[in-house]
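In: below: sequence and its predicted model.
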Amino acid sequence: MTWYSHPQARSWRCAAPSDSVSAFHQSLPNYEYTPLIELPTIARELGIGRVFIKDESARLNLAAFKILGASWAVAQALTNGSQPTSLADVNAAIDRHNAPALVAATDGNHGRAVAHMAAQLGLESHIVIPRGVSDLAIANVRGEGAHVTVLDCTYDEAVDRAKEITSGLPTAIHVQDMSWDGYTDIPEWIIEGYTTLCVEIDEQLRAIDAYPANLVAVPVGVGSFLHSVVAHYRSRVDCAPSVLSVEPVVADCVLQSLTRGVLTSVDTGVTIMSGMNCGTPSSDSWPFHHAGVDAAVALTDEQTREALHTLHELNIDSGPCGAATLAGVRQALNSSERREALGITNDSVVVLISTEGRAANPAL
Ligand SMILES: Cc1ncc(COP(=O)(O)O)c(C=O)c1O
């Protein structure tokens, strides 16, 4: 089963996420809106009004969107949740005689973002990487000065190893982009951090008279980013786009959870979409998936490779996780029943979130 739909999700509503994160992101060196690029040939192919791709290949000088979440979570953790408005505030809060190390497990992008924050703040970082991550992505993490442990294990096992490293260091902070029982503050801040991306999309669409989007396609690993997109769009009063979850077939834990109606772990395999190769949905995000996600698809590497090829021909710098959204929308709009379930017509506006560029993951 590689398709799930729940049209009632569009009428579900939740509280708006905190908006204090925007000011912090705007204070960061090199912050600017990432491009929202129109793709008329894809709109024609799909038989819809307009298609845009949000290009995260150069977010804050890194090749993926993950720094949005890591930067805010690290800032909040180091200031005891005091909503800092700049890196200077965060720097001032660090006790240099007892400086904490930052620890994370990663499929590549999140760990690089945490290590990047550590480097900017003069802190140590320890990053654990499971199998299946490209040499380039590993080198990117090392390039940030992190202590890197590469293990022949799954993502979930790498998270366990990061927990052990954290408890073995006197002042370490585990900055993980998923929640579990008793570990919720940092993932919540990460999810808040991601909302900057949707705020930008809305403003960019408004500026060209294309607001609101009717469908937003989201690449999914543990589903923290999906949670952020759901929380953003299900708390608006003036729009309710369909939200499409896109996963690899070898790591479709959110699709399986949605289909069964209960949080479900799956055994993961090997995929070019390494950032999405996760076996367990984040526990605090699952209720948002359950209530607020309209549809979910699962993709083979072949389908994602085709989408990568299409995007590269159009000069869009997408890595596999980014291109997965095009492959996902191709699947989600391939029958009139599915289009109807998603509320998509010939005039609809669709946004593909391309969460990484080729420099994050070359899809070897
Ligand atoms: C590029 C990219 N896209 C999407 C995701 C999925 O995000 P999440 O794990 O929050 O679902 C990740 C996760 O690492 C990623 O690196």
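Out: Sure thing, it's come through. Residues are numbered from 1 along each chain as shown.
In: my guess is residue 23 meets residue 85, correct?
Out: Yes. Residue 23 is within contact range of residue 85, at 4.9 Å (criterion: CB atoms under 8 Å). In short, each C-beta sits where N, CA and C put it, glycine included.
In: who's more crowded, those two?
Out: Each of residue 23 and residue 85 has its neighbours counted (other CB atoms under 10 Å); residue 85 has more, 15 against 12.
In: mind listing what's buried along the helix or strand hosting residue 189?
Out: Residue 189 is located in helix 185-207, with elements delineated by DSSP states H and E. When burial is assessed from 16 or more other CB atoms under 10 Å, helix 185-207 yields the following buried residues: 186-202, 204-205.
In: got the residues of the stretch 201-350 of the chain near the ligand?
Out: 219, 220, 221, 222, 223, 224, 225, 226, 275, 276, 278, 321 (CB under 6 Å from any ligand atom).
In: for the residues you listed, which one is nearest residue 112?
Out: The closest of those to residue 112 turns out to be residue 275 (CB to CB; 10.7 Å).
In: assumed the closest one was part of a helix.
Out: Yes. Checked against DSSP: H, G, I helix; E, B strand; the rest coil, residue 275 lies within a helix.
In: so where's this structure uncertain?
Out: Within the chain, the ranges that satisfy pLDDT under 70 run 1, 364.
In: domains in it, by residue range?
Out: Domain ranges of the chain: 3-65+187-354, 67-182, per automatic domain parsing.
In: how about JSON lines for the ones you listed, with distance to residue 361 added?
Out: Shown next, in JSON lines, are those (distance: least, CB to CB, whole Å):
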{"stretch": "domain 3-65+187-354", "distance to residue 361": "4"}
{"stretch": "domain 67-182", "distance to residue 361": "5"}
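In: which of the ones you listed sits closest to residue 362?
Out: domain 67-182 (5.6 Å).
In: which parts of the stretch 1-150 of the chain sit against the ligand?
Out: Counting by CB under 6 Å from any ligand atom, the residues of the stretch 1-150 of the chain that sit close to the ligand are 64, 66, 107, 109, 110.
In: how about residue 102, phi and psi?
Out: phi -100, psi 130 (degrees, to the nearest 10).
In: all strands for the stretch 1-150 of the chain, in order.
Out: 3-5, 36-38, 50-55, 102-105, 125-129, 147-150 (DSSP state E, counting those that start in this stretch).
In: quick check: which of those is buried the most?
Out: strand 102-105 (a mean of 30; mean count of other CB atoms under 10 Å).
In: how far does that strand sit from the chain's center?
Out: Here strand 102-105 shows a centroid-to-chain-centroid distance of 17 Å under the convention CA atoms, centre = their mean, to the nearest Å.
In: does anything pack onto that strand? Which helices or strands?
Out: helix 109-121, strand 125-129, helix 155-168, strand 173-174 (3 or more CB pairs under 8 Å, 6 or more residues apart in numbering; DSSP states H and E).
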